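Q: how does the following fold in three dimensions:
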Amino acid sequence: MAALLCNGLASNCDLRVNEIMFAGVHNAMSSEADGFNAANNLKSLEDALDAGFRVIDLESCDCDNPRGLQLCHNECVFGGFLELGQRDVGEVFTNIKSFLDDNLGEVVILSLQVNDDTLGDVHSVLSDIDGLITMLYSHPDPNKEWPTMRELVNS
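A: This next block holds a predicted model:
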């Protein structure tokens, strides 16, 4: 049986999450690849995961009808006329879950900036993605020790 690798290294497995440095992507949903104007990134967040980035920073917005809940960069339309870009919340999180399903030893840190009071809506979408909620860990107390990478990978 092959040794467990946690984010690519067996030596990471017994380290606590806060003892590891993770490469991250700010506003990962905002990319030229996904048609964003004034994008933060050239490539998509899915490409970032494939390249080894393990912190994915996202922003939720209510883009009104017909788009509704989306991942965007502060707002969906600038000045009422310029589309800034947005991505579907369900599609993005389904893609993240698929990545984790295909890469069982990986831990991804998700950072979500919630705009427009959308947290409940985001949670509803995440709950509808089969098996995703059980993969999520939220650190309950800053005074509590973080789990090891092994504990997260095995949970």
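Q: CA only for contacts and neighbour counts going forward, please
A: Fine.
Q: specify the local secondary structure of residue 72.
A: Classification of residue 72 using DSSP: H, G, I helix; E, B strand; the rest coil returns strand.
Q: looks like it contacts residue 88 (just checking).
A: No: between residue 72 and residue 88 there is no contact under Cα atoms under 8 Å: 9.1 Å.
Q: ok, those two, which is more surrounded?
A: residue 72 (26 against 15; other Cα atoms under 10 Å).
Q: quick one: contacts for the residue nearest to the more buried one when sequence neighbours are not counted?
A: Spatial nearest neighbour of residue 72, excluding adjacent residues (Cα to Cα, 6 or more residues apart in numbering): residue 86 at 4.6 Å. Listed by Cα atoms under 8 Å, 6 or more residues apart in numbering, the contact set of residue 86 reads 29-30, 36, 70-73, 76.
Q: rerun at 10 Å
A: 29-31, 34-37, 59-61, 63, 67, 69-73, 75-77 (Cα atoms under 10 Å, 6 or more residues apart in numbering).
Q: so for stretch 59-66, first residue to last residue, what's the gap.
A: Terminal residues of stretch 59-66 lie 19 Å apart, using Cα to Cα, to the nearest Å.
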